[in-house]
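Colleague: only the shape, not the letters, is given here:
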């Protein structure tokens with residue numbers, strides 16, 4: 001009864017399994033259930049001790065050796081046949097034992113309820129004297145995120161692979177922030193409302209995004225977010241009026257860096273928004289995060305990506321991977337099965353610069369754990385392109401420390 005899985009029992013009881021319903025009702029009154037079980041257990045043990053002593057005296061006399069041998073024999077029989085063996089069977093097959101046992105325990109509890117109630121009076125008195133407060137029914141079975149994560153990990157063999165991955169992603173939303181999934185500032189597709197109207201028309205009509213960030217002059221002078229669908233009618237005219245764009249702008253929605261994804265998902269839901277601009281503690285724009293970015297962290301990448309977004313990671317003929325420096329480490333870990341550190345830089349370029357502590361030249365190679373990485377191209381004080389050589393199947397997973405650096409020209 002105590003070894004049974006409470007969540008499986010609750011599911012069976014809600015499904016209408018009668019044995020589970022009886023077991024659930026008994027376990028909701030744990031003190032009374034333990035009272036009737038231990039009452040019968042101790043009554044039988046005490047009676048067997050008395051009976052064995054009487055039988056030993058009548059058969060072999062009342063010597064001390066006879067009583068001692070009878071006690072040893074009875075202890076052995078009780079341990080083997082009444083304690084260890086049935087408890088091992090019950091713990092190994094809790095449902096098979098608990099459901100039939102309820103047919104006996106339920107009427108037995110009603111029969112000896114006055115005795116159990118009387119015994120529990122003393123038990124409750126001792127608990128109050130020791131200031132021990134019993135938890136409410138079901139309170140001791142509540143689980144936190146860590147416990148839920150452990151359960152999902154242990155059930156990986158019973159769940160479909162995709163379901164298991166989605167559940168793990170959901171549980172990790174509190175540990176991931178908007179900084180991990182945002183589009184960096186230098187990669188945001190934005191339009192300058194002060195540009196030539198024809199250039200504005202071309203940018204809007206050829207954009208692969210439904211929403212565009214709009215600024216005036218400097219990228220720091222943000223005006224808002226433009227929903228392309230609202231200005232489609234203006235694109236058919238002879239000249240695109242900047243005033244029409246301003247009239248259809250939505251106020252920019254800013255969120256602080258470090259916001260957990262789960263919190264941001266609720267903010268998107270409550271505010272009915274799909275796009276947010278990430279700012280640091282000084283109010284400087286750091287990047288852009290969309291509802292699609294958050295959903296991809298839960299269910300995986302969508303196939304509806306812009307062509308410009310699909311070329312930053314490509315497999316080469318020799319088995320290596322060519323990656324842009326701006327690729328997120330989270331994406332690399334998920335796509336290539338690596339274990340690159342996520343508690344520092346968010347991009348491959350940031351991790352490489354942190355390891356080199358300098359701007360590397362093209363042709364320089366290093367190892368991140370046991371993952372060889374070659375710098376293919378650098379541009380504008382950053383790693384533009386790098387080549388990643390995956391470790392062999394027999395090698396250990398990538399570590400977080402730099403093992404060696406070599407210069408290969």
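Modeller: Thanks, I have the structure now. No experiment lies behind these values; they were computed from the predicted model shown. Residues are numbered from 1 along each chain as shown.

Colleague: list the contacts of stretch 332-350.
Modeller: 179-180, 184, 313, 321, 323-330, 351, 353-354, 368-369, 371, 382-383, 386, 388, 390, 397-400 (C-beta atoms under 8 Å, 6 or more residues apart in numbering). Every C-beta, even on glycine, is put in place using the N, C-alpha and C of the backbone.

Colleague: if you set the cut-off to 7 Å instead, what comes out?
Modeller: 179-180, 313, 321, 323, 325-330, 351, 354, 368, 371, 382-383, 386, 388, 390, 397-398, 400 (C-beta atoms under 7 Å, 6 or more residues apart in numbering).

Colleague: do stretch 108-122 as well
Modeller: 31-32, 35-36, 39.

Colleague: one more: stretch 196-211?
Modeller: Here stretch 196-211 makes contact (C-beta under 7 Å, 6+ apart) with 189, 191, 212, 225-229, 231, 235, 239-240, 242, 275, 306.

Colleague: among the residues you listed, which are in strands?
Modeller: Of these, the ones assigned to strands by DSSP state E are 191, 212, 225-227, 275.

Colleague: burial of the nearest residue to residue 256 once chain neighbours are set aside, as a residue count?
Modeller: Nearest residue to residue 256, sequence neighbours excluded (C-beta to C-beta, 6 or more residues apart in numbering): residue 279, at 6.4 Å. Residues lying near residue 279 (other C-beta atoms under 10 Å) number 16.

Colleague: how about the contacts made by residue 279?
Modeller: Taking C-beta under 7 Å, 6+ apart as the test, what residue 279 contacts is 254, 256-257, 285-286.

Colleague: most neighbours of all those, which one?
Modeller: That'd be residue 285 among those, by other C-beta under 10 Å, with 19 neighbours.

Colleague: please name the bridge partners of that residue.
Modeller: residue 279 (DSSP bridges).

Colleague: wait, isn't it in contact with residue 277?
Modeller: Yes: Residue 285 is in contact with residue 277 according to C-beta atoms under 7 Å; the separation is 6.0 Å.

Colleague: now do the shared contacts for the two.
Modeller: By C-beta under 7 Å, 6+ apart, no residue touches both residue 285 and residue 277.

Colleague: and residue 16, which of the three is it?
Modeller: coil (DSSP: H, G, I helix; E, B strand; the rest coil).

Colleague: quick one, phi psi at it?
Modeller: Per-residue torsions, residue 16: phi 100, psi 10 (degrees, to the nearest 10).

Colleague: returning to what we had before: now the buried members of the contacts of stretch 332-350.
Modeller: 179-180, 313, 321, 323, 325-330, 351, 368, 371, 382-383, 386, 388, 390, 398 (16 or more other C-beta atoms under 10 Å).

Colleague: returning to what we had before: out of the contacts of stretch 108-122, which is most surrounded?
Modeller: Neighbour tally across the contacts of stretch 108-122 (other C-beta under 10 Å): the maximum, 23 neighbours, falls on residue 36.

Colleague: so what's that one up against?
Modeller: Taking C-beta under 7 Å, 6+ apart, one finds 105, 108-109, 112, 116 in contact with residue 36.

Colleague: and what of residue 257?
Modeller: 178-179, 278-280, 286.

Colleague: so where do the strands sit in the stretch 101-250 of the chain?
Modeller: 183-184, 190-192, 211-215, 222-227, 249-250 (DSSP state E, counting those that start in this stretch).

Colleague: save the ones you listed as TSV, and put in mean pLDDT and distance to residue 158 too.
Modeller: Below are the strands of the stretch 101-250 of the chain laid out as TSV (pLDDT from 0 to 100; distance: least, C-beta to C-beta, whole Å):
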stretch	mean pLDDT	distance to residue 158
strand 183-184	86	37
strand 190-192	88	47
strand 211-215	89	41
strand 222-227	88	44
strand 249-250	88	46
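
Colleague: and of the ones you listed, who's closest to residue 73?
Modeller: Of all the strands of the stretch 101-250 of the chain, strand 183-184 sits nearest to residue 73, with 78.2 Å by C-beta to C-beta.

Colleague: what comes into contact with the closest one?
Modeller: 287-288, 326.

Colleague: cutoff 10 Å now
Modeller: The contact list for strand 183-184, computed with C-beta atoms under 10 Å, 6 or more residues apart in numbering, reads 189, 278, 286-290, 293, 309, 326, 328, 346-347, 349.

Colleague: and for stretch 229-243?
Modeller: Contacting residues not belonging to stretch 229-243 are listed as 193-202, 204-205, 210-212, 214, 216, 228, 244-245, 247-250 [C-beta under 10 Å, 6+ apart].

Colleague: among those residues, name the buried ones.
Modeller: Judged by 16+ other C-beta under 10 Å, buried ones among the contacts of stretch 229-243: 193, 200-201, 204, 211-212, 214, 245, 248-249.

Colleague: low-confidence ranges, the stretch 151-300 of the chain, go.
Modeller: Along the stretch 151-300 of the chain, segments meeting pLDDT under 70 span 237-239.

Colleague: okay, which residue is most central for this structure?
Modeller: Centroid-nearest residue in the chain: residue 171, 2.3 Å away (criterion: C-alpha atoms, centre = their mean).

Colleague: now that one. Nearest residue, chain neighbours left out?
Modeller: residue 149 (4.9 Å).
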